[in-house]
Each structure stands twice: as C-alpha cells, then as structure tokens.
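**Student:** Take this sequence and fold it.
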Amino acid sequence: MQQYLQCGRYRLPVNTPAARPLVMGILNITPDSFSDGGRSYGLEFALSHAEQMIADGVDIIDIGGESSRPGSPAVSLQEELDRVMPVIYALRDCGKPLSIDTYKTMVMREALAAGADMINDINGFCAEGALDVIKDSDCGLCVMHMQGQPQTMQERPEYQDVVAQVEQFLAARIEVMTQAGVARERICIDPGFGFGKTLYHNVGLLKNIATLQQSLDLPLLAGMSRKTMIGEMTGKPLEKRLAGSIAAALVAVAQGAKIVRVHDVAETVDALTIWQAGQKN
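**Tutor:** Okay, here's the model as predicted:
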C-alpha cells in the first residue's frame, strides 16, 4: 500500500510509522442532518464549526450539502451548490484539505474549481460524467459502497456475502477508475457502514476491515460515527453515542483503517493519540 494519499494540494500520510490514522471531520451544511439537527446550517455556523475542528486537530474537513441519512429527500443541484460553495470559498485557505461529500457531477466540478482537495462520493463515482470530472485532476477520491439509494436503502437490504459483495463492487470501481487514468495514490475506499446494510451486515464488515483493505490494497476510510448501528449495539440514543462511536473507530484502526470520518473530532483525536502511543513499533 502507498505511504501517502494524494489529496489535491496535500499529500496525507496513510502508511508511515509516525502517522496516526487520519481524522476526517464532518461539516454538514444541511437543515436536516441526522446528527446535529442542522447546527452547522448557514455560513457563520459552518465556519465556526470548521475553526473548532481545526483547533481540535482535524486532518480533513468533509463538507456536505445533502443529507444521506436513510429516507432523506433529494436536494436540487442549485440548492446543494448554494449551501456548499460559500463554505468552500471561505475555507480553501484554512490549511486543511477540504473534501466535498457529493454524488452530483456538477457539484464535483464546481467544488474542484473552487479549491476542494477531495471528493467523497457515496455513489462510488458511478454517475454519468463523474470520471470525466475527476480523471485529470489530482484530488483525493473516496469510493464508497451503497446498496440502493438513501431514500429506500434501509428497507430490505440483502446480501449473500456482504464482505465479498462489497469487495467486488469496490474492486470493479477501482478498475474502472484506474483504466480511465486515475492514479491509485488518489484513491481510498469506504465499505459504506449503514448504507443499505443491517446491523448484521455492518458488524460483518467491521470484523473484516483488515480483509477488505489487504485485498484491495488501498487506504480504508471507516465512517460509523453516531450511526444507527452504534445505537443498536449500545441501546443509546443519538446524543449518547460518543463512547460507542470512539470504540468503533478504534476497532477499525486496530484492523488497519487509515481514516475515520467522525463528528466528534477532539475526542477522537485524543483516543487515537493514546491508541497510537500504545502500539509496538
């Protein structure tokens, strides 16, 4: 596996002895976020939240203008652009890589032109034209697996073998992307916890992070923060899932995950710092 993830203006260490796992902080620019009730909705609140994440030690800021929670309604292209573009322009010189969480090719194009360093696509860059937008840039790319669409994905998700099927999908997308000229050093993978998966499927993936990463030989991003799977395992409501979310992140990095996508940056950075200090060289 490569030692760095090429992420636009930044080369992020993902497999060097001194590097702790990277923390991607979630910056939702939506009025209906499942996790924060829209607290970051609006430019002023979003910038304040981003500043706090930077102070807390975030490595990547992931900006999203459309909720992907189960059952969430779609947002128009213009509405998504209106939400995220002012934030990208305001933060592009903040000293941290900016990721745009979108599956819309026009949002990808506009975000890259404005200075975004990474695209985080829940649709695995399957949309028509997505490869044309990204192939000639040097932005980082997070390729995620999702069964179905956010509106219906949790109704009846089914797999014969969730680990094998997720691996096959990601491998196929990586092949398509590299054949189009995308360098592997730009790609990381996300098994898509909670995106068309039951608790059984999510736990199966969590237990096999090492298998997925080793098979695909790319940095793996794990995003479980505050999700329903944490609530189902702990019995805790949304506002009390911090401990479970940190535990899930530590399980993921113990198996080799290189990036964790979280809401609670300060607490996760502290936990990973202690975890790293206890590892044998």
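
**Student:** partners of the lengthiest strand in the chain, with directions?
**Tutor:** Assignment by DSSP state E gives strand 22-28 as the longest strand of the chain. Strand pairing for strand 22-28, determined by DSSP bridges: strand 60-64 (parallel), strand 259-262 (parallel).

**Student:** Just say which of the ones you listed is most tucked in.
**Tutor:** strand 259-262 (a mean of 26; mean count of other CB atoms under 10 Å). For glycine as for every other residue, the C-beta is placed from the backbone atoms N, C-alpha and C.

**Student:** for it, what is the average pLDDT?
**Tutor:** Strand 259-262 comes out with an average pLDDT of 98.

**Student:** what sits up against stretch 125-138?
**Tutor:** Defining contact as CB atoms under 8 Å, 6 or more residues apart in numbering, one finds that stretch 125-138 is touched by 6, 8, 103-105, 108-109, 112, 119, 121, 123, 141, 143, 173, 176-177, 180-182, 186.

**Student:** Can you select the buried ones from these in PyMOL?
**Tutor:** Restricted to buried positions by 16 or more other CB atoms under 10 Å, the PyMOL selection for the contacts of stretch 125-138 reads:
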select buried, resi 6+8+103+104+105+108+109+112+119+121+123+141+143+173+177+182+186
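
**Student:** In helices, which of the contacts of stretch 125-138 fall?
**Tutor:** With helices defined by DSSP state H, the entries of those inside them are 105, 108, 109, 112, 173, 176, 177.

**Student:** Hmm, the last one is touching residue 141, no?
**Tutor:** Yes: checked against CB atoms under 8 Å, the pair residue 177 and residue 141 is within contact range at 7.2 Å.

**Student:** Mutual contacts of those two, please.
**Tutor:** What both residue 177 and residue 141 touch, as defined by CB under 8 Å, 6+ apart, is the set 125, 187.

**Student:** quick one, helices of the stretch 51-200 of the chain?
**Tutor:** 77-91, 105-114, 130-134, 162-179, 199-207 (DSSP state H, counting those that start in this stretch).

**Student:** ok and the host helix or strand of residue 48 relative to helix 77-91, angle-wise?
**Tutor:** Using DSSP states H and E, residue 48 sits within helix 43-56. Orientation check (axes from the mean of the first three to the mean of the last three CA atoms, to 10 degrees): helix 43-56 against helix 77-91 gives 50 degrees.

**Student:** List the residues that contact residue 190.
**Tutor:** Per CB under 8 Å, 6+ apart, neighbours of residue 190: 120, 142, 143, 144, 145, 220, 221, 222, 223, 261.

**Student:** Residue 125 - how many residues pack around it?
**Tutor:** Neighbourhood size, residue 125 [other CB atoms under 10 Å]: 25.

**Student:** how about it, phi and psi?
**Tutor:** Main-chain torsions, residue 125, degrees, to the nearest 10: phi 60, psi 40.

**Student:** pLDDT at it, what is it?
**Tutor:** In this model, residue 125 is scored at 97, pLDDT.

**Student:** what about it, distance to residue 162?
**Tutor:** Counting by CB to CB, to the nearest Å, the separation of residue 125 from residue 162 is 21 Å.

**Student:** got it, and residue 135?
**Tutor:** In this view, residue 135 and residue 162 are 30 Å apart by CB to CB.

**Student:** more neighbours, these two?
**Tutor:** More crowded of residue 135 and residue 162, by other CB under 10 Å: residue 162, with 23 against 15.
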